[in-house]
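Enquirer: Curious how this folds, go ahead:
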Amino acid sequence: MEKELKSEMPRASIAFLLLVLLILPIYSNTFQASWHFDDKPNILDNQRLHIKNLLPSSIVQTFFSLGGTETFWRPLPNLSLGLNWYYGQDNTLGYHVVNLTIHILTAFLLFLACRALLQAPQLKDRYRQPQAIHFIALLTAVLWAINPIQIQAVTYIVQRMASMAAMFYIASIYFFIKARMAAFLKTKLLLFTACSLCAGCALMSKENAALLPFSLLLLEITFFRSVDLLQWAKTHALALTCGALAAVGIIFFLFYTGSLDFLFRGYTLRTFTLWERLLAQPRIVLFYISQIFYPLPSRLSIAHDVTLSPSLFFPWTTLPAILVIVVMLGLGIRMLNKWPLVSFAILFFFLNHAIESTILPLELIFEHRNYLPSLFVFLPIAAGLWTLFDSYRLKNRFMFNLLVGCLVLVMIGLGCFTYIRNRDWRNETTLWYDAMKKAPMDARPPWTVAINLAWDKNVQMVELDVALALFEKALTLNQVGNTLDAHILRNMGLIYAHKGDHEQARKCFEKGIRIDPNYLKNRYNLIHTLVREGEWDAAIEQTEKGIAVAGAGRSFEFFKLKGYILLLQQRPEEALVFLRKALSMNPEDAHVLLDTGTALSRMGKYVNAGFLLNRAIKESPHAIRTHYALIENSIKAKKMQKARLYTRNMLGRFKVKAVIDGLNSRPDNHTTVPMASEMLAPLIKSELLRMSTELVEPSS
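Expert: Sure, this is the predicted structure:
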């Protein structure tokens, strides 16, 4: 046996090659899949990941990128996403290549971990043949890797966080197993160090890796224990019972005193309570198990209709689901000695659902949550199949061939199901139309389809009407958060505004504000609607409410808007107070620089105005209104030489038609500060004539 085990490296290389050859064609139709859902806020719109160089400061910047803010969050996957952006920007090919590479590496590490595990003290007498060990380990990795349940963690780009955490998680388990079986202290120390480093990397990829110490303890108890665990539990039953009661008492005390409020604050944004989530999760986890073992593409979706469980008896499946899980956990503990692989697979699965499928105020259901918990689900199945194959290989050749044929068909079926399901991920339209069919009571599919229709670059009026209908439908369906209505109403208001129906737009924004006053975008859009309608006093009132709701840290847009409205009302001194506040919060905002410069110009402070307007042009050189304002300021200051220079610069940057159209735009559109066209037009015309003359005159 020792001689055969020396060939582990070539066997491992062959196993890796086989995994690549199996997984790559199955996922070959995902390389051009588009961005989806949370990809946009976490990657496309996250400027902290859009690095332009590989300097240490840029690398570190990606570590602090939660929602585009400077909050430390999942640094390793964010670094990898930042590197993807550096090399390919928004081209999804590179992101999918990295995601699939992580998946293949995770499958290979699972193979290595299972192979090492089958040589553990509790199993060494059961699987003595090296070929048995390699077959079981490889089959476990294959069945896990090609199962369609894993698609959401692989094809959905942002779920690299889940797959990368699982990769480091299984690597840590592998090094732990090897360390426990190492003969020399130096080797043990090196392997335990590698185990710890991988554990840290897993935790820096996603927070559910915090369960790794408990998984390692489960490994130790199941495969390396030197005492009879059940006998020990019986002996210390009273102490264990008292400890459990004490733990429950401490949790109840913390909850009663409000010490856990920080944990449950997220439930204020959900349409379900902690109790409803806890009661629903057993049904959802059993649904996950059914998806793993019966993974038809028709049963997989990015959204699922889930009936909440307000009590143990509604729906009627709530209590039975809880009892089934209790029985499964009991069997897992009961079978520790006799069937350690079955026991470990069951307990590992439920243990690693303990964070995302219990008390945290997360959305109720997402398939990628099974990526890590399902790692060892197929290990006892693969071991059982080996036992059957080994038994029938010599005794009954027909049964042996039948079993092999069935296994091959299952693997082909899983691969085909994965390939077929991946076609739904081609783009957001295919994905969410599929979800609309599979989850007709969920608001997110019609909401997402409507957003994609409404904000397409080449949107037509017919598509806007369809989007409105879908938004209205979403308002009547089940929602994952109790503030989604406010988001839907904002989008409806923007569509009505685009269609010119400002009254309906206003109603949508106002209704959205009533539903969620803290969702500031509705108030922001309402202010713009009021300004467009010339209701300046009402607009100023809304800016003041916005400042009060937003607080010091989020008031920039409302200071900016109030200054702008006061400027429209010919009140530059009052406008300057608020524009300066906005400027102190964001000194590089071109719009604030323009409005502040305009206010100063109207107050006769032409030098300061010119300085700010030049800065505005530097920040946004293609904003023609800023050029008009700079020329106007120079004319007012009687600096005609500068005015002509600025005019020539503008004419060199913009087409003549754009300059003339800008001059002829309506002065009462209330979208920009009015300009003095009558002051600008003569100078622009004279400079155009002068430049034309210079072009036709022969050079001396």
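
Enquirer: how many other residues sit next to Phe108?
Expert: Phe108: 23 surrounding residues under other Cβ atoms under 10 Å. Quick note: C-beta positions are derived from backbone N, CA and C, even for glycine.

Enquirer: In stretch 490-507, which residues are buried?
Expert: Buried residues in stretch 490-507, counted by 16 or more other Cβ atoms under 10 Å: 490-497, 502, 504-507.

Enquirer: of those, closest to Ala303?
Expert: In terms of Cβ to Cβ, no member of these lies closer to Ala303 than Asn491, at 18.1 Å.

Enquirer: OK, contacts around that closest one?
Expert: The contact partners of Asn491, taken as Cβ atoms under 8 Å, 6 or more residues apart in numbering, are Ala450, Ile451, Ala454, Ala467, Phe471.

Enquirer: could you redo these as JSON lines and give each row distance to Arg554 and neighbour count?
Expert: Output for the contacts of Asn491, formatted as JSON lines (distance: Cβ to Cβ, whole Å; neighbours: other Cβ atoms under 10 Å):
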{"residue": "Ala450", "distance to Arg554": "27", "neighbour count": "26"}
{"residue": "Ile451", "distance to Arg554": "23", "neighbour count": "20"}
{"residue": "Ala454", "distance to Arg554": "26", "neighbour count": "20"}
{"residue": "Ala467", "distance to Arg554": "28", "neighbour count": "24"}
{"residue": "Phe471", "distance to Arg554": "26", "neighbour count": "25"}
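
Enquirer: I'd assumed Leu19 was in contact with Phe108.
Expert: Yes: Phe108 lies in contact with Leu19 (Cβ atoms under 8 Å); the separation is 5.7 Å.

Enquirer: do you know how far the spatially most central residue of the chain is from Asp45?
Expert: What sits nearest the mean C-alpha location of the chain, by Cα atoms, centre = their mean, is Asp38, with 3.7 Å. Distance, Asp38 to Asp45, by Cβ to Cβ, to the nearest Å: 11 Å.

Enquirer: Model confidence for the closest residue to Lys473 other than its chain neighbours, exactly?
Expert: Take Lys473 and drop its neighbours on the chain: the residue closest to it by Cβ to Cβ, 6 or more residues apart in numbering is Pro446, 5.0 Å away. pLDDT recorded at Pro446 is 95.

Enquirer: Just give the number of residues close to Pro446.
Expert: Look at Pro446: counted by other Cβ under 10 Å, it has 25 neighbours.

Enquirer: doesn't Ala474 make contact with it?
Expert: Yes: at 4.6 Å, Pro446 counts as touching Ala474 under the criterion of Cβ under 8 Å.

Enquirer: Now do the contacts for the closest residue in space to Glu533 that isn't next to it in sequence.
Expert: Spatial nearest neighbour of Glu533, excluding adjacent residues (Cβ to Cβ, 6+ apart): His502 at 6.0 Å. Residues in contact with His502 (Cβ under 8 Å, 6+ apart) are Tyr496, Thr529, Arg532, Glu533.

Enquirer: In PyMOL, how would I select the buried members of those residues?
Expert: Only the buried members of the contacts of His502 enter the following PyMOL selection, criterion being 16+ other Cβ under 10 Å:
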select buried, resi 496+529+532
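
Enquirer: Dump the contacts of His502 to a markdown table, plus pLDDT and secondary structure.
Expert: Converted to a markdown table, the contacts of His502 look like this (pLDDT from 0 to 100; DSSP: H, G, I helix; E, B strand; the rest coil):
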| residue | pLDDT | secondary structure |
| --- | --- | --- |
| Tyr496 | 95 | helix |
| Thr529 | 93 | helix |
| Arg532 | 87 | helix |
| Glu533 | 87 | coil |
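
Enquirer: Which one of the contacts of His502 is nearest to Phe287?
Expert: The closest of those, once distances to Phe287 are taken by Cβ to Cβ, is Tyr496, at 39.5 Å.

Enquirer: separation between that closest one and Glu503?
Expert: Here the criterion is Cβ to Cβ. By it, Tyr496 lies 8 Å from Glu503.

Enquirer: Quickly name whichever of the contacts of His502 is closest to Trp73.
Expert: Closest approach between the contacts of His502 and Trp73, by Cβ to Cβ: Thr529, at 35.5 Å.

Enquirer: Glu535: neighbouring residues, count only.
Expert: When counting by other Cβ under 10 Å, one arrives at 16 neighbours for Glu535.

Enquirer: Got the phi and psi for it?
Expert: As for Glu535, its main-chain torsions (degrees, to the nearest 10) stand at phi -90, psi 70.

Enquirer: cool, and Phe72?
Expert: With angles defined as degrees, to the nearest 10, Phe72 sits at phi -60, psi 120.

Enquirer: Look up the pLDDT of it for me, please.
Expert: Reported pLDDT for Phe72: 90.

Enquirer: Which residue comes closest to it once chain neighbours are left out?
Expert: Excluding its sequence neighbours, the residue lying closest to Phe72 (Cβ to Cβ, 6+ apart) is Phe64, at 5.3 Å.

Enquirer: residues contacting the one you found?
Expert: Phe64 is in contact with Arg48, Glu70, Thr71, Phe72, Trp73, counting by Cβ under 8 Å, 6+ apart.

Enquirer: switch to 7 Å and redo it
Expert: Arg48, Glu70, Thr71, Phe72 (Cβ atoms under 7 Å, 6 or more residues apart in numbering).

Enquirer: One more: Val659?
Expert: If you count contacts by Cβ under 7 Å, 6+ apart, then Val659 has Met650, Leu651, Ile684 around it.

Enquirer: The first one is in contact with His627, isn't it?
Expert: Spelled out, it's Met650. Yes: using Cβ atoms under 7 Å, Met650 is in contact with His627, at 4.2 Å.

Enquirer: Name the helix or strand of the protein that has the lowest mean pLDDT.
Expert: helix 2-5 (a mean of 46; mean pLDDT, DSSP states H and E).

Enquirer: Quick check: what element follows it along the chain?
Expert: As assigned by DSSP states H and E, the chain's next helix or strand after helix 2-5 is helix 8-26.

Enquirer: Contacts for that next one, please.
Expert: Here helix 8-26 makes contact (Cβ under 7 Å, 6+ apart) with 103-104, 107-108, 111-112, 134, 138, 141-142, 145-146, 415, 418-419.

Enquirer: if you set the cut-off to 8 Å instead, what comes out?
Expert: Helix 8-26 has contacts (Cβ under 8 Å, 6+ apart) with 100, 103-104, 107-108, 111-112, 115, 134, 137-138, 141-142, 145-146, 411, 415, 418-419, 422.

Enquirer: doesn't Ser466 fall inside a helix?
Expert: For residue 466 the amino acid is Val, not Ser. Yes: applying DSSP: H, G, I helix; E, B strand; the rest coil, one finds Val466 inside a helix.

Enquirer: check which helix or strand covers the spatially closest residue to it that is not a sequence neighbour.
Expert: Closest residue to Val466 apart from its sequence neighbours, by Cβ to Cβ, 6+ apart: Leu453 at 5.9 Å. For Leu453, the element it lies in under DSSP H and E is helix 444-454.

Enquirer: counting contacts, what elements does that helix pack onto?
Expert: helix 428-438, helix 461-474, helix 484-498 (3 or more Cβ pairs under 8 Å, 6 or more residues apart in numbering; DSSP states H and E).
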